[in-house]
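Enquirer: Just the structure for this:
(one chain, ligands or ions: 1)
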Amino acid sequence: MSENSSLRCAADPWRLRETAPDTAAHFLNETLFALGNGYIGVRGTGEEGYSGPAGTSMDGTYLNGFYESEPIQYPETAYALAKTNQFMLNVPNAKGIAVYLEDERFDPLQGTVEAYERTLDLRTGILERTLRWTSPSGRIVDYRSRRLVSFDNKHLLALHVQVTPVNFAGTVRIVATLDGAVKNLEAGDDPRVGSAISGPTLALLSAEHDERFAALVQRTHNSGFHLVSATSTHVGTAHDATSAQDGPRLVQTYTVPAAPGQPIHVTKYASYHSSRDYPEGELLERSRAVLAQAANKGFDALAQRQADYLADFWAQADVQIDGDDALQQGIRFNAYHLLQSVGRDGKTNIAAKGVTGEGYEGHYFWDTEIYIFPYFLYNKPEIARKLLDYRWAGLASARRRARQMSHERGALYPWRTIAGEECSAYFPAGTAQYHINADIAYSIKQYWDVTGDIDWLRASGAEIVMETARIWTGIGSWDRKGRFVINEVTGPDEYTALVNNNYYTNAMAQQHLRFAATVADKLATEYPADHARIAAAMALAQDEPAEWRRAADAMYLPYDAELGIHEQDDSFLSKKRWDFDSTPPDKYPLLLNYHPMVIYRHQVCKQADVVLALLLLSDRFTLEDKRRDFDYYEAVTTHDSSLSSCIYSIIAAEVGYQDKAYDYFMETARMDLDDTHGNTRYGVHTAAMAGTWLGVAYGFGGMRVADGDVRFAPTLPAQWRSYRFHIHLHGCLLRVAVDARGTTYTLLRGDALRFHHRDKPVVITQQNATHTEAP
Ligand code: BGC
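Expert: This next block holds a predicted model:
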């Protein structure tokens with residue numbers, strides 16, 4: 001259960017609110033109150049620092065895509081294992097602002113705190129703290145801090161602190177720090193947490209400081225990137241100032257005369273620029289320019305801009321649930337964190353934990369294509385496109401990886417990575433998940449179906465789809481019965497590894513091969529110049545598309561006629577079932593309590609596998625198929641992966657298990673707020689956050705998109721009075737609102753849209769923008 005009940009009690013549909021400093025929940029709340037803009041991520045630790053017990057905090061600032069690399073140490077190695085790990089770095093802490101009342105340091109964990117409130121407002125994007133503090137010797141101050149990470153300028157973080165003495169006069173000292181003496185979290189026994197590195201990772205090259213400006217120029221040891229972290233601090237009252245350097249730590253001290261009722265304002269702007277984005281020689285100048293521009297605007301103008309950006313976001317992406325505030329809060333919180341986490345420059349992607357913590361080392365997984373990509377495709381398509389651009393940028397690495405893996409042709413995308421190289425050190429649950437190729441192709445097909453963006457397909461998408469399809473004909477083979485089989489892969493379920501004919505993989509590969517052949521034909525007939533260019537770049541043989549079709553048509557899709565279910569793979573159903581009755585709750589997640597072989601030997605799933613195929617390839621299955629598969633696999637699934645319950649919710653809704661649909665949905669919707677997986681302190685679960693949205697649109701909304709045709713089949717959970725969500729489709733923006741009287745579709749942008757309500761065709765136009773269907 002939640003260690004964080006203070007947040008739940010105070011459920012507010014637009015805000016996250018903490019009403020007392022809480023060392024027990026501090027580590028977790030650092031994640032929940034984290035701010036980000038897809039590039040910078042700053043954990044929610046106070047600017048004054050934290051003096052609580054050891055192990056209750058991991059302050060951190062992260063830059064999406066900025067990483068150090070390290071050789072992976074295998075005591076026993078093998079050919080073509082991933083050689084180098086990349087991990088997201090904890091970069092200098094620029095938010096430090098300590099306040100001294102004479103010589104007493106402001107610290108909410110000492111003295112007495114009254115009227116405490118920390119809020120993250122999802123409409124303004126501001127993290128705010130207000131409190132009245134009485135120091136141990138009786139000095140009272142009103143303290144207010146506000147913080148934002150700009151959606152407008154990816155390099156910028158801004159803080160404003162206001163300190164008002166209540167009952168004393170004298171001096172207040174403000175100490176602003178730019179602290180480069182930071183480290184990453186060291187890995188413990190949990191493979192999902194931390195990195196192998198200990199000690200400082202950034203070498204200091206130079207530093208600059210004066211009474212206002214401070215900058216650290218640093219370099220990573222192995223990946224060779226330069227980083228400039230800089231701050232510009234403004235104290236709004238007459239003061240004396242000094243600045244100093246202590247190794248990689250820059251300190252500016254402002255001594256301000258204090259009088260009761262006279263507020264002291266401190267504004268600090270901070271920026272991060274790295275040589276992943278710009279030439280080294282430009283970094284310092286760019287930092288100065290960004291900070292000067294920010295100071296010119298001022299904190300309030302930046303705050304207004306942030307609110308405007310969010311108003312636009314919510315106008316096109318808000319999901320409303322009428323009837324449950326805690327749930328409403330969870331849904332918006334998830335959407336907000338996705339927006340904060342997603343890279344949108346085409347060079348970065350979205351990490352499993354976003355930029356909120358070090359879990360999974362800042363790596364990108366298939367989580368993007370299968371869970372998060374649809375969220376952006378239907379809510380902010382321009383960001384979805386950037387996620388695809390990232391894969392385009394990684395095609396050369398994927399080609400190299402394919403050669404390492406002995407594939408003469410084609411491209412194999414890495415299971416986990418930051419810059420494009422395979423970083424998975426445990427291949428049975430890593431590299432063996434070849435389905436990543438089909439997942440990427442699936443997202444490209446979705447993008448094409450829903451946007452019709454032919455330019456992107458011609459420029460980038462087609463080549464990715466065709467190069468990745470080649471891997472299937474490379475690893476697959478024809479068996480004695482004339483079936484096309486794919487051996488020795490791992491499907492999505494990581495409690496089963498290195499199997500033959502994983503259903504999900506084969507079915508997704510089949511669709512991928514067909515799509516690749518269709519794309520090749522389309523280019524050949526409609527865009528011959530593009531076809532010629534791509535065919536030359538990949539040395540495409542003339543008969544390859546036909547070979548792809550043959551393999552797809554003969555693809556073996558395991559099915560057990562006796563049970564009437566799709567087999568997860570060739571061996572799954574002949575394994576012994578896991579003994580759930582004798583497994584105490586503290587033995588979950590199984591991965592932390594049993595050797596992988598013990599788990600692999602059993603029928604037990606970490607997450608949706610066949611059941612995920614039921615969603616992604618929905619129109620291939622009858623409702624009865626879906627129900628039987630759901631029943632069978634639900635009984636052997638632990639949902640130890642946070643990627644599981646949202647998918648079970650969606651299929652439960654489809655097969656008519658309304659209670660289960662609701663319960664699984666609720667597990668997903670507040671997963672991080674209630675810390676139901678017990679590890680949110682290391683970062684939010686971005687795939688599950690997107691899964692919440694999928695649960696509303698695909699689950700209760702019954703939305704399915706096949707070859708560009710959209711169908712809705714909404715149901716209203718008994719617990720809700722109504723719900724509504726938005727969908728960007730074919731250049732239009734549609735609102736779908738469901739209540740007891742039926743479903744109302746409203747065209748908010750665009751000329752006209754066609755879709756199905758259940759089996760009935762519906763057309764809405766600007767002239768006739770609203771259409772209602774009875775339940
Ligand atoms: C899941 C994977 C997922 C990874 C990162 C693992 O626990 O089993 O499917 O890609 O987490 O979220």
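
Enquirer: ok, now which ones touch the closest residue to the ligand within the stretch 551-700 of the chain?
Expert: When distances are taken as Cβ to the nearest ligand atom, the stretch 551-700 of the chain reaches nearest to the ligand at Ser641, 3.9 Å away. C-beta coordinates here come from the backbone N, C-alpha and C atoms, glycine included. By Cβ atoms under 8 Å, 6 or more residues apart in numbering, the contact set of Ser641 is 494, 606-607.

Enquirer: if we go to 6 Å?
Expert: If you count contacts by Cβ atoms under 6 Å, 6 or more residues apart in numbering, Ser641 has them with 606-607.

Enquirer: and the spatially closest residue to Glu408 that is not a sequence neighbour, how far is that from the ligand?
Expert: Residue nearest to Glu408 in three dimensions, not counting chain neighbours: Gly474, with 7.2 Å by Cβ to Cβ, 6 or more residues apart in numbering. Distance, Gly474 to the ligand, using Cβ to the nearest ligand atom, to the nearest Å: 23 Å.

Enquirer: got it, and Ile475?
Expert: Ile475 is 20 Å from the ligand, where distance means Cβ to the nearest ligand atom.

Enquirer: what are the phi and psi angles of that residue?
Expert: Dihedral pair for Ile475: phi -90, psi -20, per degrees, to the nearest 10.

Enquirer: before we move on, what about His160?
Expert: Note on His160: its backbone torsions stand at phi -130, psi 130 [degrees, to the nearest 10].

Enquirer: List of residues touching the helix or strand encompassing the residue nearest to Glu408?
Expert: Element membership for Gly474, per DSSP states H and E: helix 462-475. Residues outside helix 462-475 that contact it (Cβ under 6 Å, 6+ apart) are 395, 407, 409-412, 437, 441, 444, 509, 512-513, 516, 519, 523, 534, 538, 547-548, 551.

Enquirer: which of those residues count as buried?
Expert: 395, 407, 409-412, 437, 441, 444, 509, 512-513, 516, 519, 523, 534, 538, 548, 551 (16 or more other Cβ atoms under 10 Å).

Enquirer: Can you flag which of these belong to helices?
Expert: Those of the buried ones among the contacts of helix 462-475 mapping onto helices are 395, 437, 441, 444, 509, 512-513, 516, 519, 523, 534, 538, 548, 551, per DSSP state H.

Enquirer: Include distance to Phe376 and pLDDT when you put those residues into TSV, please.
Expert: Formatted as TSV, these follow (distance: Cβ to Cβ, whole Å; pLDDT from 0 to 100):
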residue	distance to Phe376	pLDDT
Leu395	21	98
Asn437	21	98
Ala441	18	98
Ile444	14	98
Ala509	25	99
His512	21	98
Leu513	26	98
Ala516	24	98
Val519	22	98
Leu523	26	98
Ile534	26	98
Met538	28	96
Trp548	29	98
Ala551	31	98
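
Enquirer: Any regions of the chain where pLDDT drops low?
Expert: Applying pLDDT under 70 to the chain picks out residues 1-10, 187-189, 192, 194-199.

Enquirer: Would you mind listing what in it touches the ligand?
Expert: Contact residues, the chain versus the ligand (Cβ under 6 Å from any ligand atom): 352, 360, 365-367, 492, 494, 606-607, 641, 643, 687.

Enquirer: still on that earlier bit, which is the next helix or strand following the helix holding Gly474?
Expert: strand 476-478.

Enquirer: For Trp392, which non-adjacent residue is closest in space?
Expert: In space, and not counting its chain neighbours, Trp392 is closest to Ser460: 4.0 Å by Cβ to Cβ, 6+ apart.

Enquirer: can you count the residues close to that neighbour?
Expert: By other Cβ atoms under 10 Å, the residues close to Ser460 number 18.

Enquirer: Are we agreed that it is in a strand?
Expert: No. Going by DSSP: H, G, I helix; E, B strand; the rest coil, the assignment for Ser460 is helix, not a strand.

Enquirer: Against the ligand, how distant is it?
Expert: 24 Å.

Enquirer: Who are the contact partners of the spatially most central residue of the chain?
Expert: The centroid of the chain falls nearest to Thr686 when counting by Cα atoms, centre = their mean (3.5 Å). Contacts of Thr686 were listed using Cβ under 6 Å, 6+ apart, and they are 341, 350, 354.

Enquirer: Distance-wise, check it relative to Phe168.
Expert: Going from Thr686 to Phe168 by Cβ to Cβ, to the nearest Å gives 46 Å.

Enquirer: mind checking the SS state of Ala613?
Expert: Ala613 ends up helix, using three-state DSSP.

Enquirer: and what of Asn184?
Expert: Secondary structure state of Asn184, per three-state DSSP, is coil.

Enquirer: Can you tell me the closest non-neighbouring residue to it?
Expert: Asn90 (4.9 Å).

Enquirer: ok, what's across the strand from the one you found?
Expert: Going by DSSP bridges, Asn90 is paired in beta bridges with Tyr62.

Enquirer: contacting residues around it?
Expert: With contact set as Cβ under 6 Å, 6+ apart, Asn90 has these partners: 60, 182, 184.

Enquirer: ok so, going back, burial count for the residue nearest to Glu408?
Expert: Neighbourhood size, Gly474 [other Cβ under 10 Å]: 16.

Enquirer: Then Asn296?
Expert: The tally of other residues near Asn296 (other Cβ under 10 Å) stands at 8.

Enquirer: pretty sure it belongs to a strand, no?
Expert: No. Counting by three-state DSSP, Asn296 is not found in a strand; it is helix.

Enquirer: need the contact list for it.
Expert: No contacts exist for Asn296 under Cβ under 6 Å, 6+ apart.

Enquirer: roughly how far apart are it and the ligand?
Expert: Counting by Cβ to the nearest ligand atom - Asn296 and the ligand are separated by 41 Å.

Enquirer: Glu48 now?
Expert: Taking Cβ to the nearest ligand atom as the measure, Glu48 and the ligand are separated by 33 Å.

Enquirer: is it true that that residue touches Gly96?
Expert: No. Using Cβ atoms under 6 Å, Glu48 is not in contact with Gly96; the gap is 7.9 Å.

Enquirer: neighbour count winner among the two?
Expert: The neighbour count for Glu48 versus Gly96, taken as other Cβ under 10 Å, is higher for Gly96 (25 against 21).

Enquirer: now the strands for the stretch 51-200 of the chain?
Expert: Using DSSP state E, counting those that start in this stretch, the strands of the stretch 51-200 of the chain run over 61-71, 84-90, 97-101, 104-105, 112-121, 126-134, 140-149, 156-165, 170-179.

Enquirer: Output the last one as CSV, nothing but the C-alphas.
Expert: The one in question is strand 170-179. The C-alpha atoms that make up strand 170-179 are tabulated as CSV, following Å, rounded to 0.1, in the frame of the first residue of the first chain:
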residue,chain,number,x,y,z
GLY,A,170,19.5,41.8,11.3
THR,A,171,21.0,40.0,8.3
VAL,A,172,19.9,37.2,6.1
ARG,A,173,22.6,35.4,4.1
ILE,A,174,21.6,33.8,0.8
VAL,A,175,24.1,31.2,-0.5
ALA,A,176,23.6,30.1,-4.1
THR,A,177,25.5,27.1,-5.3
LEU,A,178,26.3,25.4,-8.5
ASP,A,179,27.4,22.0,-7.3
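
Enquirer: Counting by contacts, list what it packs against.
Expert: For strand 170-179, the packing partners by 3 or more Cβ pairs under 6 Å, 6 or more residues apart in numbering; DSSP states H and E come out as strand 97-101, strand 249-258, strand 264-274.

Enquirer: switch the cut-off to 7 Å
Expert: On a contact count with 3 or more Cβ pairs under 7 Å, 6 or more residues apart in numbering; DSSP states H and E, strand 170-179 meets strand 97-101, strand 226-235, strand 249-258, strand 264-274.
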